[in-house]
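**Q** Output the structure for:
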Amino acid sequence: MSTIAAPARFEDLTGTGHLLRLYLRRDRVVAPLWVLVIGLMPALQLVSVKDLYSSPEQLEQFAATTAASPALLAMYGPVFGTSLGSIGTWKAGAMYTVIAIATVLTVIRHTRVEEETGRAELLGATGIGRFAGLTAALLLTGGGSLLAGLVCALALLGSGEPLAGSVAWGAALAASGLVWAGIAAVAAQASTGARVARGIAFAALGTAFALRAAGDAGNGVLSWFSPIGWCLQIRPDAQERWWVLLPLLTVAIFAAGFAYALLDRRDTGAGLLAERPGRPAAKNKLNGPFGLAARLQRGALLGWAVGFALYGLLIGGAVGSVGDMLGDNETLSQMMDRMGGSSALEDSFITYALTLLAAVAAAYSVSAVLRLHDEETSSRMEATLAGAVSRPRLAAAHLTFALAGPALLLFVASVAIGLVYAPQTADPEHTFDATVAAAAVQLPAVWVVTGIATALYGLLPRFAPFAWGVLSAMIVLYFVGSLGALPQWVMDLVPFTHPPKLPGAEFTAGPLLWLLAIATILLGAGVTGFRRRDLR
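**A** Next comes the predicted model:
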């Protein structure tokens, strides 16, 4: 009978340093990007509101209005203080969730994906220890989380924030990354497929977010059952609760230790969840590349659609509170005089929210395109193309979801916003139609990102995952440019700045036609390159 070895077997860690250097080289672009974006976002948020709220009365009115809006509390969490730092970084609390997404993807990429593709087995045949891969992945991800926290603290200090609040913000951000890195490590042991592992981790993250949202919109009890809620409860700039770091670090350590224990009990490439045997014969709807693409893409699209619907409901509930949040701010009053009154402010809020949702829909589109990349690198595509299937047909099947998926997501979100917000207006039917139209004009910008991902995959397949970096750079430029810190020619590089600012602005077709032309050229180049090159 074999005994379970203790986690301190040093021979099982052999080669960790070599694998860590390999992972750092593979993530040399993506990892620094998410560290900087996540780390700088709280400071950028603070800078963006410094000129808007200059008096204690305005800050207190903002906090009171937020506390009276369950939708805002569910979206961003409560405001625990009336200081500029507490209110200025309020929306940046979403970074606790964003860093969770980044760490989940990073850990599973370097653990379960390595096993799924067979690379882990090849490395295991050498002098690499059993725990080396998991340890290197956790060191990379944990180190990135700590760096993001450090960048966050230094950026807030540079923005004039007090030392305690800046350190608390950075510590909470780093702790969130560590917790979800451990949870992702556990999920990576569960299934033989990376997509199932990601689904398990994101299901846990969605549950945590839902508990936090329901708790903050209610009596606050459910928030204490969520690691995301714990991060908010550290309360930077509002009499910091340093002790909340203890349960976060405890969960992170326990989850990582549990992942090692599970890894020690299974074979390389195997999963703890038993795989269900497939049908003896495929259904008729799987005859052809489109049926196969639908089978591969439907689960992700459904999950994204549910998320967009829920977030749309929250946005719709928050629109009516925007005017009260801004109060008698002179700077914004002058702006609203030029734009046409408080109703224009609410239109601007819808435009801003839909632009951000368009960027998120572009993330789904990139993942749908890169499904082709996954099929190719796993060698499954070779078997598919061995039949009577041409490469353009196979690419078109997946690109159908990459193009139509964002349209569905934005439509679902806009309908949810309209259903909640339109009844509060004088002309509900017009408001509903205008909200759906405001979502529709965002699609050409999303499709440009789809075209970039397709062109990278078709022409430079080795660099196809860099599409994530391109999208992240666009989001950063959009946020920084919205503060007026970038020249116009730089902002013009971001497709999300070009669609008409509906529902408040006048519709113009010119920018949309240009975006559609660029997207068509990129898509055509990508499909042509895929048709002519060899499979990797």
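**Q** can you map out the helices along the stretch 151-300 of the chain?
**A** 163-187, 194-217, 227-233, 245-263, 289-319 (DSSP state H, counting those that start in this stretch).
**Q** Out of the helices and strands in this structure, which is least certain?
**A** When the helices and strands of the chain are scored by mean pLDDT, DSSP states H and E, helix 330-339 comes last with a mean of 46.
**Q** For whichever helix or strand comes after that one, enumerate the helices and strands it packs against.
**A** Using DSSP states H and E, the next helix or strand after helix 330-339 towards the C-terminus is helix 342-377. On a contact count with 3 or more C-beta pairs under 8 Å, 6 or more residues apart in numbering; DSSP states H and E, helix 342-377 meets helix 289-319, helix 322-326, helix 330-339, helix 380-385, helix 391-421, helix 428-440, helix 443-459, helix 466-482. Yep, even glycine has a C-beta here, placed from its N, CA and C like the rest.
**Q** Of those, which stretch is the most buried?
**A** Ranked by mean neighbour count, these are led by helix 443-459 with a mean of 26 (mean count of other C-beta atoms under 10 Å).
**Q** mind checking how far that helix is from the chain centre?
**A** Mean-position distance between helix 443-459 and its chain equals 18 Å (C-alpha atoms, centre = their mean, to the nearest Å).
**Q** Stretch 489-507 too?
**A** The answer for stretch 489-507 is 22 Å, by C-alpha atoms, centre = their mean.
**Q** For it, buried residues please.
**A** 491, 494-505 (16 or more other C-beta atoms under 10 Å).
**Q** Then stretch 45-54?
**A** So stretch 45-54, judged by 16+ other C-beta under 10 Å, has buried residues Gln45, Leu46, Val47, Ser48, Val49, Leu52, Tyr53.
**Q** Looking at those, which one is closest to Gly165?
**A** Closest to Gly165 out of the buried residues of stretch 45-54 is Leu46 (10.1 Å), distances taken as C-beta to C-beta.
**Q** wait, that closest one sits on Ile87?
**A** No. With contact defined as C-beta atoms under 8 Å, Leu46 does not reach Ile87; the gap is 9.1 Å.
**Q** Look up how far Arg371 lies from Ser378.
**A** Between Ser378 and Arg371 the distance is 11 Å, computed by C-beta to C-beta, to the nearest Å.
**Q** what does Gln488 give?
**A** With distances taken as C-beta to C-beta, Gln488 is found 36 Å from Arg371.
**Q** The helices and strands packed on helix 342-377 into CSV, with extra columns for distance to Gly17?
**A** What follows is the helices and strands packed on helix 342-377, written out as CSV (distance: least, C-beta to C-beta, whole Å):
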stretch, distance to Gly17
helix 289-319, 35
helix 322-326, 51
helix 330-339, 53
helix 380-385, 33
helix 391-421, 38
helix 428-440, 49
helix 443-459, 31
helix 466-482, 26
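**Q** Which of these sits closest to Leu13?
**A** Closest among the helices and strands packed on helix 342-377, using C-beta to C-beta: helix 466-482, at 30.0 Å.
**Q** and the angle for the closest one with helix 342-377?
**A** Put simply, helix 466-482 runs at 160 degrees to helix 342-377, going by axes from the mean of the first three to the mean of the last three C-alpha atoms, to 10 degrees.
**Q** What is the subsequent helix or strand relative to helix 466-482?
**A** With elements assigned by DSSP H and E, the helix or strand that comes after helix 466-482 is helix 488-491.
**Q** which of the residues in the helix or strand following that next one are buried?
**A** Later in the chain than helix 488-491, the nearest helix or strand by DSSP H and E is helix 510-532. Judged by neighbour count (16+ other C-beta under 10 Å), helix 510-532 contains these buried residues: Pro511, Leu512, Leu515, Leu516, Ile518, Ala519, Leu522, Leu523, Gly526, Val527, Gly529, Phe530.
**Q** do the same with stretch 255-274
**A** Applying 16+ other C-beta under 10 Å to stretch 255-274 flags Ala255, Ala256, Ala259, Tyr260, Leu262, Leu263, Asp264, Gly271 as buried.
**Q** before we move on, what about stretch 362-381?
**A** For stretch 362-381, using 16+ other C-beta under 10 Å, the buried residues are 362-377, 381.
**Q** The residue nearest to Phe258 when sequence neighbours are not counted: neighbouring residues, count only.
**A** Leaving aside its sequence neighbours, Phe258 sits nearest to Val186 (C-beta to C-beta, 6 or more residues apart in numbering; 5.6 Å). When neighbours are defined as other C-beta atoms under 10 Å, Val186 has 24 of them.
**Q** quick check: angle from the strand or helix carrying Val47 to helix 466-482?
**A** For Val47, the element it lies in under DSSP H and E is helix 30-50. Per the same axes, to 10 degrees, the angle that helix 30-50 makes with helix 466-482 is 20 degrees.
**Q** Mind giving me the packing neighbours of the helix or strand following helix 30-50?
**A** Remark: after helix 30-50, the chain's next helix or strand is helix 56-67, criterion DSSP H and E. On a contact count with 3+ C-beta pairs under 8 Å, 6+ apart, helix 56-67 meets helix 70-76, helix 84-88, helix 322-326.
**Q** So for helix 56-67, mean pLDDT?
**A** Helix 56-67 shows a mean pLDDT of 80.
**Q** Extract the C-alpha trace of that helix and format it as CSV.
**A** This file holds the C-alpha atoms of helix 56-67, laid out as CSV (Å, rounded to 0.1, in the frame of the first residue of the first chain):
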residue,chain,number,x,y,z
PRO,A,56,-17.3,67.7,1.4
GLU,A,57,-20.9,68.4,0.7
GLN,A,58,-20.7,66.9,-2.8
LEU,A,59,-18.9,63.9,-1.5
GLU,A,60,-21.5,63.3,1.2
GLN,A,61,-24.3,63.7,-1.4
PHE,A,62,-22.6,61.1,-3.6
ALA,A,63,-22.3,58.7,-0.7
ALA,A,64,-25.9,59.2,0.4
THR,A,65,-27.3,58.7,-3.1
THR,A,66,-25.2,55.6,-3.6
ALA,A,67,-26.4,54.1,-0.4
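**Q** Buried residues in it, which are they?
**A** So for helix 56-67, counting by 16+ other C-beta under 10 Å, buried means Gln58, Leu59, Gln61, Phe62, Ala63, Thr65, Thr66.
**Q** is it possible to export the helices of the stretch 151-300 of the chain to CSV including distance to Arg26?
**A** As requested, these are exported to CSV (distance: least, C-beta to C-beta, whole Å):
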stretch, distance to Arg26
helix 163-187, 17
helix 194-217, 15
helix 227-233, 28
helix 245-263, 21
helix 289-319, 23
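**Q** can I get those helices in CSV with mean pLDDT and distance to Leu456?
**A** Below are those laid out as CSV (pLDDT from 0 to 100; distance: least, C-beta to C-beta, whole Å):
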stretch, mean pLDDT, distance to Leu456
helix 163-187, 95, 26
helix 194-217, 87, 20
helix 227-233, 94, 33
helix 245-263, 95, 32
helix 289-319, 87, 19
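**Q** In this structure Leu408 contacts Ala305, no?
**A** Yes. The pair Leu408 and Ala305 passes the contact test of C-beta under 8 Å, sitting 6.3 Å apart.
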